[in-house]
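Colleague: sequence? don't have it. structure:
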């Protein structure tokens, strides 16, 4: 085997090793991309009564929140928003309604492009 063939083979082996490293990493995909649920619940319950307001508004199909709860909603991380509004009765559509309510009622907004998506679906371009 000549010098150039050995170099090419060595290069290919190193390239494969570098490409395979993320696939064999210790931390799984979910651990890197999904938040810790306890930390998310801690964010939501920072202000007493906000979780109850979210539940009550959903059951009564009538959005009504205090300014403090909208501020808590605004302060949640993107990962926690997505995690929370994909739990049983809390859907991405409801998360977007809460976002719109807080923006209209109190002027509390998230990033303009922010929308709650289901983690398995790709967001549509709007």
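Modeller: Alright, I've got the coordinates. Everything numeric here is computed off the predicted structure, so don't read it as measured data. Numbers count the residues shown, from 1 in each chain.
Colleague: make it CA atoms for all contacts and neighbour counts henceforth
Modeller: Noted.
Colleague: residues contacting residue 5?
Modeller: Residues in contact with residue 5 (Cα atoms under 8 Å, 6 or more residues apart in numbering): none are found.
Colleague: List phi and psi for it.
Modeller: phi -70, psi -40 (degrees, to the nearest 10).
Colleague: And it, what's its pLDDT?
Modeller: We have a pLDDT of 77 for residue 5.
Colleague: Distance-wise, check it relative to residue 13.
Modeller: 12 Å (Cα to Cα, to the nearest Å).
Colleague: Where do the domain boundaries of this structure fall?
Modeller: The chain is divided into the following domains under automatic domain parsing: 1-33, 35-126.
Colleague: quick one: low-confidence parts of the chain?
Modeller: Under the criterion pLDDT under 70, the flagged ranges of the chain are 1-3, 11, 14-33, 110-126.
Colleague: What ranges does it have for its strands?
Modeller: In the chain, no strands are found when defined by DSSP state E.
Colleague: Let me see the ranges of the helices in it.
Modeller: 3-20, 29-33, 37-44, 50-60, 67-75, 78-84, 92-106 (DSSP state H).
Colleague: contact partners of the fifth one?
Modeller: Spelled out, that is helix 67-75. 43-44, 46-47, 50, 99, 102, 106, 108-110.
Colleague: any chance of the residues you listed in CSV, plus neighbour count and distance to residue 68?
Modeller: Converted to CSV, the contacts of helix 67-75 look like this (neighbours: other Cα atoms under 10 Å; distance: Cα to Cα, whole Å):
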residue, neighbour count, distance to residue 68
43, 16, 12
44, 22, 11
46, 13, 10
47, 13, 7
50, 19, 8
99, 20, 14
102, 24, 10
106, 15, 10
108, 16, 10
109, 17, 13
110, 17, 15
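Colleague: of all those residues, which two lie farthest apart?
Modeller: Farthest-apart pair in those is 43 and 106; separation 19.8 Å (Cα to Cα).
Colleague: Pretty sure residue 80 sits against residue 86.
Modeller: No: counting by Cα atoms under 8 Å, residue 80 stays clear of residue 86, with 9.9 Å between them.
Colleague: and residue 88, how many residues sit next to it?
Modeller: The number of residues packed near residue 88 is 7, by other Cα atoms under 10 Å.
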